[in-house]
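Participant: coordinates only, sequence not included:
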Ligand SMILES: Cc1ncc(COP(=O)(O)O)c(C=O)c1O
């Protein structure tokens, strides 16, 4: 396209920045093409392949010709299976009528923003947080407002923070638990007070539970915000716990009154979620698949410990041993380098790829780096040794 047409693009495009991690990933690929052995701790997806029972179900569905559009809100069998999952794994009743199958949590986010945010409405988000959230808000001409999360409070949001940022234009709050990039997980009573506050303010609460299931050693884990409040919009996905990132499938649980308008939006924006992925996902709740997912969760927990202990032994600050997800948000300020320089030098000089805080927030991002434990234990140990070598080489050991 000739350059002179760029001025014709909508103004919001100017605010959408590419992820810094993509630059690093491209550089990592170039290094690999030269024969370097890069350890990837930058990727936000499980390194495990989709579990065999799910893949087998997809094969069967393909043979049976499940290649057409489906119901806009998802095939009834999958909506029922998700409802059954809440009943068995979480211990709560969520009627299938309130479950909406989406094209990833990303599809769910788009539907919710279209439903809930109008021009000039404000939506409260966390900083740091999942970077795409604010782009969805811009698409509906709303304004994202960032609430800073404090490392000294383990990056946990509380009702007073939300109250302090609530304005006349605020419509609601979007937060994730467990969270990307911090692994922070809200306890039931904190979630309850957040839900109470938002209700008092006559707003809505969107709770992103895409890392549900990937939780570690919490004594009484809050398995879903739906345990403490019914009037939430809950986002979830088959991407992370169920290891199905490329299948582009997720779901939402929404208040009954929102189902019909969301159905209209879903019909218009997506027609239907992907058919094959839905049939495959039915097998994600089978006993054999759930056993595989549990073993993988345990592997993530061991990796977390290796990574956190290793980073701490190198003198990095880790405000929170992640309670969920697969990320360690690490304070690298002891190096005197900003995060982007740290990540670039670590990759170029020692072939370890990690993600700078710049991708997750605007408040002191230069101090933070996200390490993902999406590589096996041996590779994580090797990465710690490489970082030890880096610090020595930089005169910081
Ligand atoms: C917090 C959070 N929400 C939503 C998403 C989108 O996930 P998907 O569209 O694959 O379900 C991601 C992906 O990394 C995420 O980390």
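Facilitator: In hand now; what should we look at? Note that the coordinates shown come from a computational prediction; the quantities given were computed from them, not determined experimentally.
Participant: Need phi/psi at the residue in the stretch 101-250 of the chain that the ligand sits nearest to.
Facilitator: Closest residue of the stretch 101-250 of the chain to the ligand, CB to the nearest ligand atom: residue 104 (2.8 Å). Every residue, glycine included, has its C-beta placed from N, CA and C. Residue 104 adopts backbone torsions of phi 70, psi 170, taken as degrees, to the nearest 10.
Participant: where does this structure dip in pLDDT?
Facilitator: Segments of the chain classed as low confidence (criterion: pLDDT under 70) are 1-6, 220.
Participant: Write out the residues of it neighbouring the ligand.
Facilitator: 44, 104-106, 130, 176, 180, 208, 210, 237, 239, 245, 250 (CB under 6 Å from any ligand atom).
Participant: Just give me the neighbour total for residue 285.
Facilitator: Counted with other CB atoms under 10 Å, residues neighbouring residue 285 total 19.
Participant: which residues touch it?
Facilitator: By CB atoms under 8 Å, 6 or more residues apart in numbering, residue 285 lies in contact with 81, 82, 84, 85.
Participant: Which other helices and strands does the helix or strand residue 32 falls within contact?
Facilitator: Residue 32 is located in helix 20-33, with elements delineated by DSSP states H and E. On a contact count with 3 or more CB pairs under 8 Å, 6 or more residues apart in numbering; DSSP states H and E, helix 20-33 meets helix 339-350, strand 352-353, strand 355-356.
Participant: Apart from its chain neighbours, what residue comes closest to residue 365?
Facilitator: Take residue 365 and drop its neighbours on the chain: the residue closest to it by CB to CB, 6 or more residues apart in numbering is residue 357, 3.7 Å away.
Participant: ok, the closest residue to residue 87 other than its chain neighbours - contacts?
Facilitator: Closest residue to residue 87 apart from its sequence neighbours, by CB to CB, 6+ apart: residue 93 at 6.1 Å. Shown in contact with residue 93 (CB under 8 Å, 6+ apart): 83, 86, 87.
Participant: Share the number of residues neighbouring residue 50, please.
Facilitator: Counted with other CB under 10 Å, the neighbours of residue 50 add up to 22.
Participant: Mind checking what secondary structure it has?
Facilitator: Secondary structure, DSSP: H, G, I helix; E, B strand; the rest coil: residue 50 is coil.
Participant: Begin at 34 from now on, thanks
Facilitator: In the new count, where the first residue is 34, that last one comes out as residue 83.
Participant: from what I can see it touches residue 280, true?
Facilitator: Yes: using CB atoms under 8 Å, residue 83 is in contact with residue 280, at 7.2 Å.
Participant: Between these two, which contacts overlap?
Facilitator: Shared contacts of residue 83 and residue 280 (CB under 8 Å, 6+ apart): residue 313.
Participant: if we can go back for a sec, so which bits of the helix holding residue 65 are buried?
Facilitator: For helix 53-66, the neighbour count (16 or more other CB atoms under 10 Å) marks 53, 54, 57, 58, 60, 61, 64 as buried.
Participant: Good, we can wrap up now.
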